[in-house]
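> what follows is a predicted protein model with its sequence.
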Amino acid sequence: MAITLTTLRSQVRDMADLDETDLSNTLIDQFAREGFQRIYALERRWPILQETYTFNTVANQREYTISTIGDIREIISVVDTSTQGARLTLIDYNQAEETWLGNLDVPSRPYFYSFWDKKIQLWAKPDIVYPMTVRAFRNPVYTWLTDITENIDLDEFFHAILPYFVLARVYQRQEDAQLAAMYLGTFEEGVAIAKRDLMKASSAQPVIMSGGKQYPTMRRWLQTLGRTL
């Protein structure tokens, strides 16, 4: 069951048998934030962070600031959803920069994209408006720290575990090393179990162990481009 910061405060005080005088909201919130950040430091692709965004290209504009598209942490795919559209291929910015230069930098339908300076670069730069769909993992939000009635922005697997991290820090502060270690161990064990379940491969599709899907190489694409210029 999802919990709010209000519920977490109550659970921690009940388990520690402390009142608000002995254990302030400020201290609980600080420890909760630390545990929250520890969980997100383990993975960039927690399922709860999955989002889909859209934006339209602008003719002759290569760069698009990511923050104007969405609060994106990591992009998975960019797809041109027009009638003759295609899924764009991610390439290294340096490689693209060496290719689309001078007279070769002619606006056309983009088939590649890269990242630099918190922006998406499209290669080639669009010649007209193209509708784009972006699948991405968003950044975690911290509004639950100010709106204490809002659910903590974690998968529900972690909602029952987070109080144990707070308790570990509470007992560490009280210099009770044994209880601090016990609660920290419980937290870490719970996180490991939740992570294993949340991040396991879907049973609905086969797992490709080594070969992977084959794509045309950049060299092959350039050779083809050269023949059509």
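Thanks, I have it.

> so for the helix ranked longest in the chain, what's the average pLDDT?
Ordering each helix of the chain by length in residues (DSSP state H) puts helix 177-198 first. Helix 177-198 shows a mean pLDDT of 95.

> can you give me how far it is from the chain middle?
Per CA atoms, centre = their mean, to the nearest Å, the displacement of helix 177-198 from the mean C-alpha position of its chain is 23 Å.

> now do the buried residues in it.
Judged by neighbour count using 16 or more other CB atoms under 10 Å, the buried positions of helix 177-198 are 180, 183-184, 186-187, 190-191, 194-195. Glycine gets a C-beta too; all of them are placed from N, C-alpha and C.

> just stretch 6-26 next, same as before
Buried residues in stretch 6-26, counted by 16+ other CB under 10 Å: 7-9, 11-13, 16, 23.

> re the thing from before, which other helices and strands does the longest helix of the chain contact?
helix 25-42, helix 156-159, helix 162-173 (3 or more CB pairs under 8 Å, 6 or more residues apart in numbering; DSSP states H and E).

> can you tell me which of the buried residues of stretch 6-26 lies nearest to Leu90?
Leu8 (38.8 Å; CB to CB).

> now do the helix or strand that contains the closest one: which elements does it pack against?
If you go by DSSP states H and E, Leu8 is part of helix 5-16. If you count contacts as 3+ CB pairs under 8 Å, 6+ apart, helix 5-16 packs onto helix 25-42, helix 162-173.

> make CSV out of these and add mean pLDDT and distance to Glu74.
Formatted as CSV, the helices and strands packed on helix 5-16 follow (pLDDT from 0 to 100; distance: least, CB to CB, whole Å):
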stretch, mean pLDDT, distance to Glu74
helix 25-42, 96, 12
helix 162-173, 96, 23
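
> of the ones you listed, which is nearest Val141?
Comparing the helices and strands packed on helix 5-16 by CB to CB, helix 25-42 comes nearest, at 10.4 Å.

> what does the closest one contact?
With contact meaning CB atoms under 8 Å, 6 or more residues apart in numbering, helix 25-42 is reached by 5, 8-9, 12-13, 46, 140, 142, 145, 152-154, 158, 162, 165-166, 169-170, 173, 187, 191, 195.

> and that helix, how far out from the chain's middle?
In terms of CA atoms, centre = their mean, the centre of helix 25-42 is found 18 Å from the chain centre.

> one step back: winner for burial among the helices and strands packed on helix 5-16?
Across the helices and strands packed on helix 5-16, the average number of neighbours (mean count of other CB atoms under 10 Å) peaks for helix 162-173, which reaches a mean of 22.

> mind giving me the packing neighbours of it?
On a contact count with 3+ CB pairs under 8 Å, 6+ apart, helix 162-173 meets helix 5-16, helix 25-42, helix 177-198.

> for Phe115, which of the ones you listed is the nearest?
Of these, nearest to Phe115 by CB to CB is helix 25-42, at 20.3 Å.

> tell me the helix or strand right after the closest one.
That would be, after helix 25-42 and using DSSP H and E, strand 50-56.

> quickly list the domain ranges of the chain.
Domain segmentation of the chain under automatic domain parsing yields 5-46+155-198, 49-138.

> pLDDT-wise, which helix or strand of the chain ranks last?
Taking mean pLDDT, DSSP states H and E as the measure, helix 218-228 is the helix or strand of the chain with the lowest mean score, a mean of 58.
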